[in-house]
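**Q** with the input below, show me the fold.
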Amino acid sequence: MATGRVKEYAAPDIVVGFDARKCIHAANCVRDLHEVFNVDERPWIAPENADADRVAEQVARCPTGAL
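**A** Below is the predicted model of the structure:
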């Protein structure tokens, strides 16, 4: 469930939340899992484009917890 400042992107097996206020644009997500995190696309997060475990691993690598 979105909390107002967290936008959610859902796939059948995973929901990715994004808090823009926490993001420092380190771009780890875009570099390491571009098929899911692509700033040239809308929506820019497409968790259905990779296995839920891979998406979760990438989310865990976010240095600020924005994901």
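
**Q** what residues does the lengthiest helix in the chain touch?
**A** Ranked by number of residues, the top helix in the chain under DSSP state H is helix 52-60. For helix 52-60, contacts defined as CB atoms under 8 Å, 6 or more residues apart in numbering pick out 11, 13-14, 16, 28-29, 32-33, 36-37, 47, 67. All C-beta atoms are positioned from the backbone trio N, CA, C, and that covers glycine.

**Q** stretch 14-28 too?
**A** 2, 5-10, 36, 45, 47, 52, 55-56, 58-59, 61-67.

**Q** so which bits of it are buried?
**A** Neighbour counts using 16 or more other CB atoms under 10 Å place 14, 16-18, 23 of stretch 14-28 among the buried residues.

**Q** residues touching P63, list them.
**A** 24, 26, 28.

**Q** sec struct for the first one, please.
**A** State at I24, reduced to three classes by DSSP: H, G, I helix; E, B strand; the rest coil: coil.

**Q** per-residue confidence at it?
**A** At I24, the model reports a pLDDT of 96.

**Q** could you do G4 as well?
**A** Reported pLDDT for G4: 67.
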